[in-house]
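> Coordinates for the following, if possible.
(one chain, ligands or ions: 2)
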Amino acid sequence: MTKLGEREWEAPDVDASASGDPQSRDLPLDSHLHTDQSPDSAVPIDAYAAEALARGIPEIAITDHVDFDPRDPAYRYTSYADRERTVRDAAARWGPRGVTIRFGVELTYHQDWDEAARDHLARRRYDYVIGSVHEWPDSPYIRSRVRGWVESRTLADVVAPYLEQVTAAARSGLFDTIGHFDVVKRYLNPFVTPGDLATQPELYEPALRAIVESGAALEVNSSGLRHLVAETYPAPATVTRFRELGGERVVAGSDAHRRDWFAFRLDQAYRLIAEAGFESLAFRRGEDHVRIALPAPRAA
Ligand SMILES: [Zn+2]
Ligand SMILES: [Zn+2]
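Ligands and ions are numbered 1, 2, ... in the order given. Model (predicted):
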């Protein structure tokens, strides 16, 4: 399979020069990274490890894509054995230098593939598993369909198919973490804007409650800060609401697909997690479910 370019809804790169170095430093973990074992990234694993070492980020999770629909880009793109060997070999090289590399995965979830996902995870051993809903092939969130989809629908109806799948992902019990909770805003933008969605926060509530009840962690994914939506997935208010609903587990990741996106504005994700009242990140290292303390706040 050939490498994909940026998907068409990927924003042009943000102008990073305006605000200094946008890649964060001195954080305990970047939990969401894509290497050249994902169809939409060309980054060798050692590049991320080198960034981590240089930036004082002692732990990273490689979470390459696994898709279950043959029409999706990561369907059988690489084998489990290749991914595991690559990540474990790198972990052995970089561990002694001070960077711990975890073997994770980002599974694309949809109810139709629940059994395939369940079977995959039952037979494989990952350190850490993210379940994410993306714009599946028959979904209304494919770029060419979005305008027509939003035209004559209420906001509730517009987001319902996406949130139904997020809820199902949480209830599946398969995942340590639910990835980029409200990434649907990226697919809908600009026909529905993040501002439009912010007017009806109650739409997210059933899915948020499902995550709380499942015990899965809510990911705060900083990649939205380099997209046109210009906010994290999910937005800060949603992280706060998650805690109010009883959510106890959150984690932060940059979802980098390029070397210069490693830890991109990850400090903002950490900051909003702290501001929402959390004191630690919830993460898994194989058999060990761990809490990682948030760094002490720094002067701006
Ligand atoms: Zn994703
Ligand atoms: Zn990702």
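> all strands in the stretch 51-200 of the chain, in order from the N-terminus.
59-66, 100-108, 128-132, 177-178 (DSSP state E, counting those that start in this stretch).
> Let's have the ones you listed in CSV, adding mean neighbour count, mean pLDDT and distance to ligand 2.
Placement of C-beta: from N, CA and C, glycine included. CSV is the format used below for the strands of the stretch 51-200 of the chain (neighbours: other C-beta atoms under 10 Å; pLDDT from 0 to 100; distance: least, C-beta to the ion, whole Å):
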stretch, mean neighbour count, mean pLDDT, distance to ligand 2
strand 59-66, 26, 97, 6
strand 100-108, 24, 98, 5
strand 128-132, 25, 98, 7
strand 177-178, 28, 98, 11
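> Which residues does stretch 140-157 contact?
With contacts defined as C-beta atoms under 8 Å, 6 or more residues apart in numbering, stretch 140-157 is touched by 8-9, 135, 139, 158, 161-162, 184, 187-188, 191-192, 196-197, 199-200, 203.
> which among the residues you listed end up buried?
9, 135, 139, 158, 161-162, 184, 187-188, 192, 196-197, 203 (16 or more other C-beta atoms under 10 Å).
> of all those residues, which comes closest to ligand 2?
When those are ranked by distance to ligand 2 (C-beta to the ion), residue 135 comes first, at 13.2 Å.
> Please name the nearest non-neighbouring residue to the residue of the stretch 201-300 of the chain found nearest ligand 2.
Relative to ligand 2, the nearest point of the stretch 201-300 of the chain is residue 255 (4.3 Å; C-beta to the ion). Leaving aside its sequence neighbours, residue 255 sits nearest to residue 223 (C-beta to C-beta, 6 or more residues apart in numbering; 3.9 Å).
> Tell me the secondary structure at that neighbour.
Using DSSP: H, G, I helix; E, B strand; the rest coil, the structure places residue 223 in helix.
> correct me, but it touches residue 258?
No - contact criterion C-beta atoms under 8 Å: residue 223 and residue 258 do not qualify, at 10.7 Å.
> ok, the two, which is more surrounded?
residue 223 (24 against 16; other C-beta atoms under 10 Å).
> show me what contacts that one?
Residue 223 touches 180, 233, 254-256, 261, 264, counting by C-beta under 8 Å, 6+ apart.
> Tell me the residues of this protein that contact ligand 2?
Contact residues (C-beta under 5 Å from the ion) of the chain with ligand 2: 106, 255.
> and the top helix by length along the chain with strand 100-108, angle?
Looking across the chain with DSSP state H, the single longest helix is helix 155-172. Inter-element angle recorded for helix 155-172 and strand 100-108: 130 degrees (by axes from the mean of the first three to the mean of the last three C-alpha atoms, to 10 degrees).
> which residues sit against stretch 190-197?
146-147, 150, 155, 158-159, 182, 185, 188, 203, 228-231, 235.
> Which single one of these is nearest to residue 276?
The nearest member of the contacts of stretch 190-197 to residue 276, counting by C-beta to C-beta, is residue 235 at 11.1 Å.
> and the closest one, how many neighbours?
22.
> in the stretch 51-200 of the chain, which spans are helices?
80-94, 114-123, 143-151, 155-172, 184-188, 194-198 (DSSP state H, counting those that start in this stretch).
> any idea which of these is most buried?
helix 184-188 (a mean of 24; mean count of other C-beta atoms under 10 Å).
> Quickly find the element holding residue 289.
strand 288-293 (DSSP states H and E).
> Adjacent strands (with direction) for that strand?
Here strand 288-293 is paired, per DSSP bridges, with strand 280-285 (antiparallel).
> tell me the mean pLDDT for the strand it pairs with?
What strand 280-285 shows for mean pLDDT is 98.
> surely the residue of the stretch 201-300 of the chain closest to ligand 2 meets residue 222?
Yes - the criterion here is C-beta under 8 Å, and residue 255 meets it with residue 222 at 7.3 Å.
> Name the residue in the two with the higher neighbour count.
residue 222 (30 against 26).
> which residues touch the nearest residue to that one once chain neighbours are set aside?
Nearest residue to residue 222 in three dimensions, chain neighbours excluded: residue 269, at 4.4 Å (C-beta to C-beta, 6+ apart). Counting by C-beta under 8 Å, 6+ apart, residue 269 touches 220-222, 232, 252-254.
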